[in-house]
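Engineer: what shape does this take:
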Amino acid sequence: MDNCLFCKIIAGDIPSTKVYEDEYVFAFRDINPVAPVHVLVVPKQHIPCADAVDSSNSLYVAKCFEAIAKIAKAEGLENGYRVINNCGEDGGQTVMHLHFHLIGGTDLGIAIR
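Structural biologist: Numbering: from 1, shown residues only. Reported below is the predicted structural model:
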């Protein structure tokens, strides 16, 4: 996608602080962190949002969650962490490329139930 911010970050056209990369996933530090650890985990294939996940691209989502576990361990998040996905405008999604916020490194308060 030519105008996708995250596609440009993955391609190296826009700088980021990379924390993880493999064939399927690119992860980098959020520029406006809400916790000591705030990493965005992004599939390398452009998938607009969770609504667009299907059998043709779900492998990328699985790989994102495999990467999240590795990153959490590497970041020392032994006491837990939160994974957030915003889907669509009403869900708070501001970049229309599927991504997961890995947040931790502090007590995140009461869980959403």
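Engineer: phi first, then psi, for the residue most central in space within the chain.
Structural biologist: Nearest to the mean C-alpha position of the chain, counting by CA atoms, centre = their mean, stands V41 at 2.4 Å. Backbone torsions for V41, taken as degrees, to the nearest 10, come to phi -110, psi 120.
Engineer: contacting residues for it?
Structural biologist: Going by CB atoms under 8 Å, 6 or more residues apart in numbering, V41 touches Y20, V25, A27, C64, A67, I68, I71, H99, F100, H101, L102. All C-beta atoms are positioned from the backbone trio N, CA, C, and that covers glycine.
Engineer: most neighbours among the residues you listed, which one?
Structural biologist: L102 (26 neighbours; other CB atoms under 10 Å).
Engineer: which helices and strands does whatever helix or strand that residue lives in pack with?
Structural biologist: Using DSSP states H and E, L102 maps to strand 100-104. Counting contacts by 3 or more CB pairs under 8 Å, 6 or more residues apart in numbering; DSSP states H and E, strand 100-104 is packed against strand 37-43, helix 58-74, strand 81-84.
Engineer: quick one: that strand to helix 58-74, angle?
Structural biologist: 20 degrees (axes from the mean of the first three to the mean of the last three CA atoms, to 10 degrees).
Engineer: gap between strand 100-104 and the chain center?
Structural biologist: 7 Å (CA atoms, centre = their mean, to the nearest Å).
Engineer: who does that strand pair up with?
Structural biologist: strand 37-43 (antiparallel), strand 81-84 (antiparallel) (DSSP bridges).
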